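In: Generate coordinates for the sequence data below:
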Amino acid sequence: MTRPRWTLLVVCLATFMLLLDITVVNTALLDIQADLNASFTDLQWVVDAYALTLAAFVLTAGSLGDLFGRRRVFVVGLAVFTAASLFCALAATPLALNLARALQGIGGAVMFAVSLALLAQEFRGRALTRATGIYGATIGASVAVGPLVGGALTESLGWESIFLLNIPVGLLVIAATLAHVTESSDPHPRRLDWPGLLTFSAALGLLVFGLLRGNAEGWTSAAIVVTLTASAALLVAFLIVEARSPEPMLPLTLFRNSTFTGVQLAAFAISASMLALFLYITLYLQNILGLSPLAAGARYLPLTLVAFDVAGVVGAGLFGGSPRVLLTAGLGLVGLGLVLMRGVEAYGSWMTLVPGFLVAGAGLGVVNTVVADAALKVVPAERSGMASDINDTFRQVGVTIGIALWGALFLAQAEDTIVAKAPATVGVDAAMAREMAEAASSDNLDLAVAALPPDVQDAMTQTAREGFVGGLNDILLWGGIVCFTGALLALILVRDHALRAASRPPFALDPAAISPAPAARAA
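Out: Prediction:
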């Protein structure tokens, strides 16, 4: 096999592995909860810790590749990700698991950040277009098969296996990279933007912490008010730092282009809605409907198969037409799909979700394909690596904030429903309602109601289940509203002429300008 094909193979394997770990854990969460005695908030952090560090470090990691060599940094990222996967499998407490997941995210960010630059150094022209098409299909496939793979591994080998699988794959990819991928760097690398990294990471971390703890601590409590205020102040500081930095990790001037801004907001909207809501839909399938991990993962097949097929049709250009219209329509379909999923019941059937799955799957296929293409074409070719990293950042920030925000709204609605519908003889207050809501979310409901008088246990079980589905129906509606808002913004901001003017393959630089150490990620 030729060197370019080896490069494509290792990049796709690494990308598949790191993105699979965003969705693969969803169907394993209940087994993790049972083994580690994790709370509902702990389960949210299992997903969010990974997405948060992936979002925080991907922009900085691109600069590291320019500075120290892309192959070297890619291998380091692989090694960190592989070691962190082992730590995840060996974790004996929720805190240990979530710290290991955060370390996984750092390794994943490093790999993700240099992937396109590694492809750009080996492929040119049409060959590069085909390579990036395969790379994009790999991204779609990893998201599509995540729930099913997670369910199959968890049910057959235990939840630890979803992390242990990364170890042999990671070691093989490291060996292949060292043997077959050439080194490259940027002769004029960007400096590391440490002030930007620190302010952005701290702002995002505090925001997520505040959203996850708001219900438990009280939204007007001093701790939550201080946390969210500090997050807002750090976000403002980040924007000031980036505006004044000669080499910012997030060049704010790019956002003067309304099409660039619209594409990033579309990526944020799809991630903060549909991708973040996978967690809560999976909890419904397993906790309320009682499905096994494998059965829950299989229930996503209508959505994932439609998304994959539609992505292939859109990617082949068979729909033609306007990227602006496609993006708007895709987000609208996802929003409609989420609204159609509403109406799930405490003792209902998963078939209630199917119409929404089919419609949302079609929208996902459209949006993911158009965003991936437009994120690169909307900027000059020499900035396409940075544009890709910015787009990845908006996606992961969307997942991170979405999971935390929906969790807060979900628990608030569930608590209100439980207080309203609980038997009067029980005397349910807000604290008890929150305990019941979290028990229903963490598969601990039987244990929670066992402490109540026997004559009200069945009624409280039903009330807690109704609280869960009330919260889920509420956040499905809000997720749909986020998508509809994203569709409107895409319609207003995205301009087809901005994409047609830049209609060229990603990284399609003048061959004479590409040396063995190309500046593919130069700002």
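
In: Quick one: mean pLDDT for the helix or strand where residue 262 lies?
Out: Using DSSP states H and E, residue 262 maps to helix 258-270. If you average the pLDDT over helix 258-270, you get 93.

In: and the following helix or strand past that helix, what does it pack onto?
Out: Moving toward the C-terminus from helix 258-270, the next helix or strand (DSSP H and E) is helix 276-283. Identification of packing neighbours for helix 276-283 by 3 or more C-beta pairs under 8 Å, 6 or more residues apart in numbering; DSSP states H and E yields helix 29-36, helix 40-68, helix 384-421, helix 454-493. In short, each C-beta sits where N, CA and C put it, glycine included.

In: sorry, back to before: report the backbone C-alpha coordinates of the helix holding residue 262 in PDB.
Out: Only the C-alpha atoms of helix 258-270 are listed here, as PDB (Å, rounded to 0.1, in the frame of the first residue of the first chain):
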ATOM      1  CA  SER A 258     -21.800  36.100   7.700                       C
ATOM      2  CA  THR A 259     -21.600  32.800   5.900                       C
ATOM      3  CA  PHE A 260     -18.800  31.600   8.100                       C
ATOM      4  CA  THR A 261     -20.800  32.600  11.200                       C
ATOM      5  CA  GLY A 262     -24.000  30.900   9.900                       C
ATOM      6  CA  VAL A 263     -22.100  27.700   9.300                       C
ATOM      7  CA  GLN A 264     -20.700  27.600  12.800                       C
ATOM      8  CA  LEU A 265     -24.100  28.400  14.400                       C
ATOM      9  CA  ALA A 266     -25.600  25.600  12.300                       C
ATOM     10  CA  ALA A 267     -22.900  23.200  13.700                       C
ATOM     11  CA  PHE A 268     -23.600  24.400  17.200                       C
ATOM     12  CA  ALA A 269     -27.400  24.000  16.800                       C
ATOM     13  CA  ILE A 270     -27.300  20.400  15.500                       C
END
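
In: now it against helix 384-421, angle please.
Out: 40 degrees (axes from the mean of the first three to the mean of the last three C-alpha atoms, to 10 degrees).

In: in helix 258-270, what's buried?
Out: Judged by neighbour count using 16 or more other C-beta atoms under 10 Å, the buried positions of helix 258-270 are 259-270.

In: contacts for stretch 388-395?
Out: 54-55, 58-59, 61-62, 112-113, 116, 250, 254, 263-265, 267-268, 270-271, 275, 371-372, 375-376, 506, 521 (C-beta atoms under 8 Å, 6 or more residues apart in numbering).

In: quick revisit: in a markdown table, list the helices and strands packed on helix 276-283 along with mean neighbour count and mean pLDDT.
Out: Below are the helices and strands packed on helix 276-283 laid out as a markdown table (neighbours: other C-beta atoms under 10 Å; pLDDT from 0 to 100):
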| stretch | mean neighbour count | mean pLDDT |
| --- | --- | --- |
| helix 29-36 | 20 | 89 |
| helix 40-68 | 25 | 85 |
| helix 384-421 | 24 | 87 |
| helix 454-493 | 20 | 93 |
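
In: Which one, of those, ends up nearest to residue 159?
Out: helix 29-36 (4.3 Å; C-beta to C-beta).

In: now the helix holding residue 262, how far from the centre of its chain.
Out: From the chain centre to the centre of helix 258-270 is a distance of 15 Å (C-alpha atoms, centre = their mean, to the nearest Å).

In: what's the angle from that helix to helix 454-493?
Out: For helix 258-270 against helix 454-493, the angle by the same axes, to 10 degrees is 170 degrees.

In: separation between residue 123 and residue 224?
Out: Going from residue 123 to residue 224 by C-beta to C-beta, to the nearest Å gives 49 Å.

In: wait, doesn't residue 470 sit right on residue 413?
Out: Yes. In this structure residue 470 lies within contact range of residue 413 using C-beta atoms under 8 Å: 5.5 Å.

In: so what's residue 334 closest to, chain neighbours aside?
Out: Counting by C-beta to C-beta, 6 or more residues apart in numbering, the nearest residue to residue 334 once its immediate chain neighbours are dropped is residue 363, at 3.6 Å.

In: And what about residue 303, helix, strand or coil?
Out: Under DSSP: H, G, I helix; E, B strand; the rest coil, residue 303 falls in the helix class.

In: Could I get the helices and strands packed on helix 276-283 in TSV, plus columns for distance to residue 1?
Out: Listed next are these as TSV, based on distance: least, C-beta to C-beta, whole Å:
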stretch	distance to residue 1
helix 29-36	38
helix 40-68	24
helix 384-421	25
helix 454-493	40
